[in-house]
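Colleague: kindly generate the corresponding structure for this input.
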Amino acid sequence: MKHRISESQMNLLANIVSKHSPDLLPTLDNIGIKPLSDEQRRKLRRAIADELSEAGFDEEDEPNHYGYQLEALINILGHI
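Modeller: Residues are numbered from 1 along each chain as shown. Here you go, the predicted model:
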């Protein structure tokens, strides 16, 4: 099964990278064009994980809707 990143997920990723790791913004241009290196995927997932820890959980430490979106994005980046 081929994993693809949607336009809305790409926009979300760009916002997260802009906030947490702006040096990775050029990497986003390669998504869907050529495979990401393991290091690029690791750094992108780290930025998403930072966002997840900041805003992805409710008061009971359960993932909120945004958290589920971030988890899906982490999973997709592991496969593209």
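Colleague: in the chain, mark out all the helices, start to finish.
Modeller: 7-20, 25-28, 38-55, 65-77 (DSSP state H).
Colleague: could you list the low-confidence segments of this protein?
Modeller: 1-3 (pLDDT under 70).
Colleague: please redo it, this time with the cut-off set to 90
Modeller: 1-5, 30, 32-35, 77-80 (pLDDT under 90).
Colleague: can you list the helices of the chain in a markdown table and add mean neighbour count?
Modeller: To be clear about C-beta, it is placed using only N, CA and C from the backbone, and glycine gets the same treatment. Formatted as a markdown table, the helices of the chain follow (neighbours: other C-beta atoms under 10 Å):
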| stretch | mean neighbour count |
| --- | --- |
| helix 7-20 | 15 |
| helix 25-28 | 14 |
| helix 38-55 | 16 |
| helix 65-77 | 16 |
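Colleague: mind listing what Thr27 touches?
Modeller: By C-beta atoms under 8 Å, 6 or more residues apart in numbering, the contact set of Thr27 is 17, 36, 40, 43-44.
Colleague: for Glu51, same thing?
Modeller: Contact partners of Glu51, counting by C-beta under 8 Å, 6+ apart, are 16, 19-20, 70.
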